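Visitor: pasting the structure only:
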């Protein structure tokens, strides 16, 4: 039983929350505003959030000129498959890494950290040659393979932290109740790991969704371009930017990831509550 | 159990999606031959819708006339293209025909990735483009690209603000730097600066305009190169620095921006003048607010004349292409006067050939801005830096930060000279 919060405290709390939300949401709001402004208005010094004249031409230009819908479809496919594969592969490895002891575990941990320090530019040519020899360059499958490889060290690292946070005593108690290893993993570990899995999945999805350089180099056919590649086409030489269509394209590109986040976030909350009750 | 089934379903969907994705193989790996039809991959970087339309029109015309050699445009963007092409060349999957700017293909040529086009270029076209421009795409005695369109740096002015300040709009064939400085000073008021100059990435602009003072920076070719940073090379940065910090006639904020970033200040009357790439003439004509009385000023003239660097847009042929001859044949068609004029006019750039310049002059009619754009093209010369193998590396890692520091008044003239010279010694090894 807690004491009733005074009204001024509640007001202040909501005010702080609203300010924070506005602070976070302002760039998106500005982007939305820019996407409806004409080139002439965008090039004026007037600072107005509400466009003087609502211009839908930027959306038409974005959709027509850079084939954004196809690119969004490619990005969605690549990001979702990368997310699923990376998380599924990382899950057992993370468990092993968190629970096993000995030199192998230490070596594994070091390798995960070391694998994060190589700059992409350093390995892009060998990577390109390997994929080419496998006839996987300029394919979405090849891109997924590379994304899974690149995201796995971090997903593994993230997940093993979640596994390590689950007390081993819970497993021991289940074992004493006669549960086998598989049953323990399925009924004890997995439910408690759901928030971690969801958080890791979200991270993997965003990494793949936003990735630019690997997609730029590995994908050559315009029909296989991902969204970041399609959006960068609005940037020209000498720093020229087609600001209106770029803003419209960026808004359109944000929608699918917002939907995915909306779906996953429910699971994240649900998982957290489930864990709390069991704990 | 339901959860396990859920995970199984998710895994199945994932694997199925991978299988589907794997089936989706791109088609642009390389040009190829399908029966008797040769398909050439043409990577275009044109970013303006009007230019893209002009290029499509030209390619369609070629494809309609040549059943045996078809051209497929691969539309790409400028961002990251250098790294992408390096990887494609290394992996043997670069397109047959490659669009890029001259200064960026130097290292490709040095590494032997570009075909020798010397004997494949249409003789009429060859004689219609000046030696200085051909020089900009010649490497080790071989012509490695077709130079298509060029830009110069020009000053644009708000004629009303000049009139308010009692300054006459220069009307001669050229305009001296002293005139620019005087106009900028005269038009600087408490409300606005005289000049806004987007020099966030200053190297290309400074090195191009330095040729007007005989400031070549480099001597030699390939790897056998020496750098010289003397009075001639520093004439342009010193003038800009003086205007920014002594006269206070340049908006210092603009020095950290891109050219496009400065345009709103020009449109809004916050600066009376702006120096921009000549291609901005088309953007200003399209985007300037109604009633803005703007003019393009005559080409800037230094002690060596109204000379600037010719760093043309180029079309090269991949040396590993199985169809070098067909690619060159297409490019001869592509560079025809009428075709090149269409592209140049759409992009507000200066075409390399005389025939195309004549056509553009006709298309432009009596447009005063276009007349100045074309006039500024007369002084374009192949600059020494286009012959330097490690120019791009020096530009990105040494010159740009050094010029930025100087223009931000963080280092003085001697420190700038030292950084540029010592930096070259480091880069050149």
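Guide: Yep, it's here. The structure presented is a predicted model; accordingly, all values stated were derived computationally and were not measured.

Visitor: buried set for the helix or strand hosting residue A:193?
Guide: In this assignment (DSSP states H and E), residue A:193 forms part of helix A:190-210. Buried residues in helix A:190-210, counted by 16 or more other C-beta atoms under 10 Å in any protein chain shown: A:190, A:192-209. To be clear about C-beta, it is placed using only N, CA and C from the backbone, and glycine gets the same treatment.

Visitor: please list which of these also come close to chain B.
Guide: residue A:190 (C-beta under 8 Å from any C-beta of the partner chain).

Visitor: which other helices and strands contact the helix holding residue A:193?
Guide: Other helices and strands packing on helix A:190-210, by 3 or more C-beta pairs under 8 Å, 6 or more residues apart in numbering or on different chains; DSSP states H and E, are helix A:68-99, helix A:140-165, helix A:243-278.

Visitor: will you turn these into CSV that also has mean neighbour count and mean pLDDT?
Guide: Below are those laid out as CSV (neighbours: other C-beta atoms under 10 Å in any protein chain shown; pLDDT from 0 to 100):
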stretch, mean neighbour count, mean pLDDT
helix A:68-99, 21, 91
helix A:140-165, 21, 91
helix A:243-278, 16, 74
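
Visitor: export these to JSON lines and tack on distance to residue B:299?
Guide: Output for the helices and strands packed on helix A:190-210, formatted as JSON lines (distance: least, C-beta to C-beta, whole Å):
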{"stretch": "helix A:68-99", "distance to residue B:299": "41"}
{"stretch": "helix A:140-165", "distance to residue B:299": "48"}
{"stretch": "helix A:243-278", "distance to residue B:299": "29"}
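
Visitor: in a markdown table: those helices, plus distance to chain B.
Guide: Compiled in a markdown table, those are given as follows (distance: least, C-beta to the nearest C-beta, whole Å):
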| stretch | distance to chain B |
| --- | --- |
| helix A:68-99 | 4 |
| helix A:140-165 | 3 |
| helix A:243-278 | 9 |
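
Visitor: which strand or helix spans the residue lying closest to residue A:183 once chain neighbours are set aside?
Guide: Distances taken as C-beta to C-beta, 6 or more residues apart in numbering or on different chains place residue A:174 nearest to residue A:183, at 7.4 Å, with adjacent residues excluded. According to DSSP H and E, residue A:174 maps onto helix A:168-176.

Visitor: against which helices or strands is that helix packed?
Guide: By 3+ C-beta pairs under 8 Å, 6+ apart, helix A:168-176 packs against helix A:181-184.

Visitor: let me see the mean pLDDT of stretch A:166-173.
Guide: If you average the pLDDT over stretch A:166-173, you get 87.

Visitor: need the residues that contact that stretch.
Guide: A:99, A:184, A:188-189, A:192-193 (C-beta atoms under 8 Å, 6 or more residues apart in numbering or on different chains).

Visitor: residues from the stretch 151-300 of chain B in reach of chain A?
Guide: Residues of the stretch 151-300 of chain B lying near chain A (C-beta under 8 Å from any C-beta): B:198, B:200-201, B:258-261, B:263-265, B:267-268, B:270, B:277, B:279, B:283, B:286-287, B:289.

Visitor: tell me the mean pLDDT over stretch B:50-63?
Guide: The model assigns stretch B:50-63 a mean pLDDT of 93.

Visitor: ok, back up a step: ok, the contacts of stretch A:166-173 vs residue A:14, which is closest?
Guide: residue A:192 (32.8 Å; C-beta to C-beta).

Visitor: any idea how far the closest one is from residue A:203?
Guide: 19 Å (C-beta to C-beta, to the nearest Å).

Visitor: where in the stretch 1-150 of chain B is pLDDT low?
Guide: For the stretch 1-150 of chain B, the stretches with pLDDT under 70 are B:1-35.

Visitor: what about 80?
Guide: Applying pLDDT under 80 to the stretch 1-150 of chain B flags residues B:1-36, B:47-48, B:79.

Visitor: now the helices: where do they sit in it?
Guide: Applying DSSP state H, counting those that start in this stretch to the stretch 1-150 of chain B gives helices spanning B:2-23, B:49-65, B:81-91, B:102-110, B:123-128, B:131-135.

Visitor: what lies in contact with stretch B:244-261?
Guide: Here stretch B:244-261 has contacts from A:238-241, B:181, B:184-185, B:187-188, B:193-202, B:240, B:243, B:262, B:265, B:270-271, B:274, B:276-277, B:280, B:283, B:404, B:407-409, using C-beta under 8 Å, 6+ apart.

Visitor: how about it: buried residues?
Guide: Those would be B:244, B:247, B:249-251, B:254-255, B:257-261, for stretch B:244-261 by 16+ other C-beta under 10 Å.
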